[in-house]
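1. here's a sequence, model it:
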Amino acid sequence: MSEIIKTTEIAKNYIMGSETIHALKTVSISINKGEYVAFMGPSGSGKSTLMNLIGCLDTPSSGQYILNNQNVSDLTENELAKIRNKEIGFVFQTFNLLPRASALENIALPLVYAGYSKADRETKAYSVLEGVGLSDRAYHKPNELSGGQRQRVAIARALVNNPSIILADEPTGNLDSKTSYSIMGLFEKLHAEGNTIVMVTHEDDISRYAHRIVRLRDGIVESDKKNKKIITPEFT
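-> From the prediction side, this is the model:
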């Protein structure tokens, strides 16, 4: 399998007055195309900082990050924005949907920045909406959808640009247990279709869906292991 993510001793420091906070200390990891990886660790471990760096939402203070054969360590904010739109599909705990836009319009948003025509945007958005089982909710606004349906819309939005990787930050954090398992079933389906998934979670039962678990503590990788207890839930 080809390497899609490679970090070499990346670190992230924040200056707080006279104090330097070492949020991430020299982390080197590689993730291959088609892998399903979970980042875990207690609060302050560095897992969210690492996710932000991998998602090109931030740049490392030192070290190198290669995403899909491109060095993105020192790019400008505008260059990073282009990389994010092309290479990365984000799924957030809080869904981050536009409240006055329909499900279809929310999903099509990344295609606006990518320069697609309105007709092509609607066609592609509707196709991925069908893929997450919500074609009958295309014209509903977020407040007309359940939490699970909103997260499915967010996942469809993450998929619409055919990204290299899907980054999911606590994707079930605002959902009840039954809905969480349904959403994780959808992620497993997407992984089976060949998508590369990187997920941040603090929940052990959710991390078991991933096929590899990277545990962080105090800004370093504590362990990096294949997950022996792989769950393949039925997609509903």
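2. most centrally placed residue in this protein?
-> residue 167 (1.2 Å; C-alpha atoms, centre = their mean).
3. how about that one, secondary structure?
-> strand (DSSP: H, G, I helix; E, B strand; the rest coil).
4. hang on, isn't it packed against residue 53?
-> No. Using C-beta atoms under 8 Å, residue 167 is not in contact with residue 53; the gap is 10.8 Å. For glycine as for every other residue, the C-beta is placed from the backbone atoms N, C-alpha and C.
5. which residue is the nearest non-sequential neighbour of residue 20?
-> Spatial nearest neighbour of residue 20, chain neighbours left out: residue 13 (5.4 Å); criterion: C-beta to C-beta, 6 or more residues apart in numbering.
6. helix, strand, or coil at that neighbour?
-> strand.
7. is it bridged to anything, and to what?
-> Counting by DSSP bridges, residue 13 forms beta bridges with residue 22.
8. quick one: the longest helix seen in the chain to strand 165-169, angle?
-> The longest helix of the chain (DSSP state H) is helix 177-192. Following axes from the mean of the first three to the mean of the last three C-alpha atoms, to 10 degrees, one obtains 160 degrees for the angle between helix 177-192 and strand 165-169.
9. which strands and helices sit next to helix 177-192?
-> helix 147-159, strand 196-200 (3 or more C-beta pairs under 8 Å, 6 or more residues apart in numbering; DSSP states H and E).
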